[in-house]
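> how would this look folded up:
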Amino acid sequence: MSTNLIGPDEPGNEWAAIEAAVLAASGIEPNRTPVAGPAPAAVPAPANADESEADVDPEADSYLWPSVVDAKGRNTGELARPNPEAAKAAMRRAAAVSAADIQALAGAISEPEARDIIAQAASQRSVERELGAGVAKLRAQLAAEGARRQAEHEARMAEARRRRENRAAAALERRDRALDPTTRVVRLAAAERWVPWIATLPAFLAAGLGAVNVGVSLDVLSPGTQLINWMVEPLLTLPVVAILIAQILGAVGEGDANPYRSLERGLVFVALVLNVGLHIAVDGLTPAAFVWAIVPAGLAISANLVPRLIGHTRQALTAASAEPIPDVAPQAFRVTPQAGVQVDSDWTAPGPSQVNAGDAGESRSDAEVLADLAEAVRNRAIDPGTGRPIDPKSAESIRRTIGIAKARARCARDQYASIEATE
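Alright, predicted model coming up:
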């Protein structure tokens, strides 16, 4: 049986030289222990200069131990002599590996580990992106909530400031009305118009209640005359109401000047007899019968109140209309959007140009009065009657501020207006 070797043919007498070169390249001497010392940084060159890495078959390691096959190419299981070229490649690789750091080789990662690390890094980046998106969303929500609260706060502050300014303006308006002498005249005029009419309401109510009370009682005593029964009480109460209306309208005097005083008393007495006496006649002497004394009481109340209220309100109105306008020197107020109502601390008492017309002499000429008016307008002199700067369009404000008569104040107002128009 013939044998064939897998791989290159065995060299002849070169085996010993190749073995010595491999041992020399690995730093091992024949029949000696390895030389101690640091591992070389690089793979040393072969002993023979003619040998190079290109001369070594890179696939020689695959058939280091050739197998013996039969004529049919089947493996016999026998091993041939080792391939020298394969041994040389194995020795060179062993020398290169021995020169490397064993710890670095042990810590080197494999390809599956590298794939796992890359996958973990990608997953971590995905989680970081999701967390970043969540943080950005929360920041946007916080910013929107902060902007909303800021807007609500500014709206509340603006509303509070508006209310404060309105209250300040209302206070100034009330102060102006209180300082204005015509305010009391207006109030008294309203009282003189409406208060006497309000005082007639008891008489009107008594007239209605008395008509019902007397009509029902007479229906029991005289059922056949129902229409007349309901007209008895108005015959007594309507004259009293008519006298009261005449007094309010001024056709009849009040008090002793009322010629119908005795008639009012007689009609009230007859109303008392009808309202109470008819109940006693129908139901007997019961406490309920005396309750209807309220009807003549209402007539008496109105008959007593109306003339007195008319006299008092008209006297007060006449006295208020005849009173001279006081030249009061109140402190000046001003309204600002931030501070509301403030009192000017530098305001002083009225000077010589702010006295009354009766206290100042009329020695100034029209030119001097006009010059004083122009200076007062320019300096925003305070009107002692209102506490505000002088109004050049108001003769009364000019009169109070620069202390002249009403006629001269009107003349100065017209002259100043004509000068302003020409300018």
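
> next, the buried residues of stretch 85-93.
85-92 (16 or more other CB atoms under 10 Å). From N, CA and C alone the C-beta is placed, and that goes for glycine too.

> is it possible to get JSON lines of the residues you listed that adds distance to Phe204, pLDDT and secondary structure?
JSON lines is the format used below for these (distance: CB to CB, whole Å; pLDDT from 0 to 100; DSSP: H, G, I helix; E, B strand; the rest coil):
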{"residue": "Glu85", "distance to Phe204": "144", "pLDDT": "74", "secondary structure": "helix"}
{"residue": "Ala86", "distance to Phe204": "141", "pLDDT": "73", "secondary structure": "helix"}
{"residue": "Ala87", "distance to Phe204": "143", "pLDDT": "74", "secondary structure": "helix"}
{"residue": "Lys88", "distance to Phe204": "143", "pLDDT": "77", "secondary structure": "helix"}
{"residue": "Ala89", "distance to Phe204": "138", "pLDDT": "75", "secondary structure": "helix"}
{"residue": "Ala90", "distance to Phe204": "138", "pLDDT": "73", "secondary structure": "helix"}
{"residue": "Met91", "distance to Phe204": "140", "pLDDT": "78", "secondary structure": "helix"}
{"residue": "Arg92", "distance to Phe204": "137", "pLDDT": "77", "secondary structure": "helix"}
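
> can you give me the helices in the protein?
15-26, 84-99, 102-107, 111-179, 181-199, 201-221, 226-232, 234-249, 261-283, 287-291, 294-322, 366-378, 395-402, 406-422 (DSSP state H).

> ok, which of the ones you listed comes nearest Ala71?
Ala71 lies closest, by CB to CB, to one member of the helices of the chain: helix 84-99, at 24.9 Å.

> CA atoms only: put that closest one into CSV for me.
Provided in CSV are the C-alpha atoms of helix 84-99 (Å, rounded to 0.1, in the frame of the first residue of the first chain):
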residue,chain,number,x,y,z
PRO,A,84,8.2,21.9,9.1
GLU,A,85,6.6,24.9,7.5
ALA,A,86,3.6,24.5,9.8
ALA,A,87,5.8,24.2,12.8
LYS,A,88,7.6,27.3,11.8
ALA,A,89,4.3,29.3,11.5
ALA,A,90,3.2,27.9,14.9
MET,A,91,6.4,28.9,16.6
ARG,A,92,6.3,32.4,15.1
ARG,A,93,2.7,32.9,16.3
ALA,A,94,3.7,31.6,19.7
ALA,A,95,6.5,34.1,19.9
ALA,A,96,4.2,37.0,18.9
VAL,A,97,1.6,36.0,21.5
SER,A,98,4.2,35.6,24.3
ALA,A,99,5.4,39.1,23.6
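
> list the residues that contact the nearest residue to Val369 once chain neighbours are set aside.
Of all residues beyond its chain neighbours, the one nearest Val369 is Ala412 (5.1 Å), with distances taken as CB to CB, 6 or more residues apart in numbering. By CB atoms under 8 Å, 6 or more residues apart in numbering, Ala412 lies in contact with 366, 369-370, 373, 395, 398, 402, 404.
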